[in-house]
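Asks: Sequence first, predicted model second:
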Amino acid sequence: QVQLVESGGGLVQTGGSLRLSCAASGRTFSSYSMGWFRQAPGKEREFVAGVNWSGGSTYYADSVKGRFTISRDNAKNTAYLQMNSLKPEDTAVYYCAAVNAPGIGVFTKVYDYDYWGQGTQVTVSS
């Protein structure tokens, strides 16, 4: 089992940057594929970015491709989401998620993931 805690959210102006962190408990972090999702008010939770267990494979939603970068540091049990060129439509609660899947690729569906953080608010002002 793994527990996830997000941090790094906040209020930023259009065009600004934020880096979200997701700290994971447990000693088997490197066997988990990680993902970032977001949920805006009145909308369904949507996939943002995912990374496989080693960090060697990543995948992004079209809406964030070229602006966001997902990464992980297995020595620190932490996943990151670097968000650049932020837009008002990026405003949402951002969640990190984990699934125990060593040796397999990146997952993009909410139901693929077994563990979720509590979320961190990102607000982009126009």
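Replies: Thanks, I have it. For clarity, every value in this text was computed on a predicted model and none was experimentally measured.
Asks: burial measure for residue 1, as a count.
Replies: 9 (other CB atoms under 10 Å). For the C-beta atoms, the positions are set from N, CA and C on the backbone; glycine is no exception.
Asks: Helix, strand, or coil at the residue nearest to it when sequence neighbours are not counted?
Replies: Spatial nearest neighbour of residue 1, chain neighbours left out: residue 26 (6.9 Å); criterion: CB to CB, 6 or more residues apart in numbering. Classification of residue 26 using DSSP: H, G, I helix; E, B strand; the rest coil returns coil.
Asks: what do you get for residue 30?
Replies: Here residue 30 takes the helix state, with states given by three-state DSSP.
Asks: In contact with it, which residues?
Replies: By CB atoms under 8 Å, 6 or more residues apart in numbering, the contact list for residue 30 reads 53, 54, 74, 102.
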